[in-house]
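In: Sequence and predicted structure, then a few things I'm wondering about:
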Amino acid sequence: MTIRLYTYPTPNGRKASIMLEETGLPYTVQVVDIERGDQRQPEFLALNPNNKIPVIVDPERGRTVFESGAILFYLAERSGVLQPATDAERGTTLQWVLFQAAHVGPTLGQVWNWKIFADETLPPVIARFEREADRVLRVLDGRLAGNVYLAGDRYGIADVMTWPWIQVVEPALKLDLAPYRHLRRWFDTIAARPAVQHGAAVPELPQRDAAA
Ligand SMILES: N[C@@H](CCC(=O)N[C@@H](CS)C(=O)NCC(=O)O)C(=O)O
């Protein structure tokens with residue numbers, strides 16, 4: 001009764017696959033082709049009414065979880081891996097997880113949409129979201145200037161939550177990471193983890209380019 005991961009090769013999907021690799025929990029992968037519209041099919045909406053990947057189903061515990069932050073906390077508790085050790089660490093972890101969900105993902109997602117995907121080029125809109133992206137990246141850089149990892153001196157859920165979005169900053173969003181040198185140091189350190197490398201490659205799509 002292994003965990004089923006419903007995902008697609010995007011930053012939000014990779015958070016869950018990296019976390020599963022970190023925990024060592026056995027899992028199987030169900031590709032939800034969000035470019036084809038699989039996420040709006042009734043079977044998927046029964047798992048996540050918000051029509052977004054990632055989702056996990058854990059038959060052994062009778063649990064279905066959507067929203068990547070909730071998935072990461074669930075998997076940490078389920079496995080005992082990357083679980084915050086103290087109340088203070090838990091609070092700080094939650095804070096940076098929510099910062100990712102409220103600011104990092106939505107802002108970089110808007111840059112992606114307006115700069116890369118949109119049929120129409122709207123320079124003021126692109127400039128607005130690039131300015132906001134710079135602000136958000138500076139917040140992360142400032143945090144990492146005084147801390148090895150986002151929640152402090154231990155690698156944890158907040159890092160798993162944020163890393164896949166920083167991974168796309170240069171190749172997909174065509175923004176330069178060089179000005180954020182502490183963020184760059186953090187990114188490179190985490191990129192060297194085998195679980196991150198394995199998780200970031202999930203799911204492999206046969207004969208098609210990944211979304212990012
Ligand atoms: N806040 C959500 C965001 C998930 C999300 O935006 N997923 C995107 C892919 S990166 C998606 O499934 N989009 C399909 C759609 O909106 O129809 C989370 O962290 O899980």
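Out: Here it is on my side, so go on.

In: Any figure for the gap between Ser68 and the ligand?
Out: To the ligand, Ser68 is 3 Å away according to C-beta to the nearest ligand atom, to the nearest Å. From N, CA and C alone the C-beta is placed, and that goes for glycine too.

In: pLDDT at that residue, what is it?
Out: If you check Ser68, the pLDDT there is 98.

In: Distance check, the closest residue to it other than its chain neighbours against the ligand.
Out: Closest residue to Ser68 apart from its sequence neighbours, by C-beta to C-beta, 6 or more residues apart in numbering: Lys15 at 4.3 Å. Counting by C-beta to the nearest ligand atom, the gap from Lys15 to the ligand is 7 Å.

In: State the helix or strand in which Lys15 lies.
Out: helix 11-23 (DSSP states H and E).

In: Helix or strand: which one has Arg4?
Out: Per DSSP H and E, the secondary structure element for Arg4 is strand 3-7.

In: just checking, what packs against the helix holding Lys15?
Out: Helix 11-23 is packed against strand 3-7, helix 68-79, helix 105-111, helix 157-167, helix 194-200, with contacts defined by 3 or more C-beta pairs under 8 Å, 6 or more residues apart in numbering; DSSP states H and E.

In: give the contact list for Asp176.
Out: With contact set as C-beta atoms under 8 Å, 6 or more residues apart in numbering, Asp176 has these partners: Glu170.

In: ok, now Ala200?
Out: 14, 17-18, 164, 167 are the contacts of Ala200 under C-beta under 8 Å, 6+ apart.

In: Glu67 now?
Out: 50, 101.

In: Distance check, it against Tyr149.
Out: 22 Å (C-beta to C-beta, to the nearest Å).

In: By residue count, which helix of the protein is the longest?
Out: As assigned by DSSP state H, the longest helix anywhere in the chain is helix 123-145.

In: And it, how far out from the chain middle?
Out: 17 Å (C-alpha atoms, centre = their mean, to the nearest Å).

In: next one: stretch 32-44
Out: Distance, centroid of stretch 32-44 to centroid of chain: 19 Å (C-alpha atoms, centre = their mean).

In: and the end-to-end length of that stretch?
Out: Terminal residues of stretch 32-44 are spaced 8 Å apart (C-alpha to C-alpha, to the nearest Å).

In: ditto for stretch 22-37
Out: 29 Å.

In: try stretch 168-177
Out: End to end - C-alpha to C-alpha - stretch 168-177 spans 10 Å.

In: starting at the chain centroid, how far to that stretch?
Out: 15 Å.

In: for stretch 15-23, same thing?
Out: 10 Å.

In: List of residues touching that stretch?
Out: Residues contacting stretch 15-23 (C-beta under 8 Å, 6+ apart): 3, 5, 7, 27, 29, 54, 56, 68, 71-72, 75-76, 78-79, 81-82, 157, 160-161, 163-164, 193-196, 198-200, 202-203.

In: ok so, going back, highest average neighbour count across the helices and strands packed on helix 11-23?
Out: With neighbours defined as mean count of other C-beta atoms under 10 Å, these peak in mean count at helix 157-167, which reaches a mean of 26.
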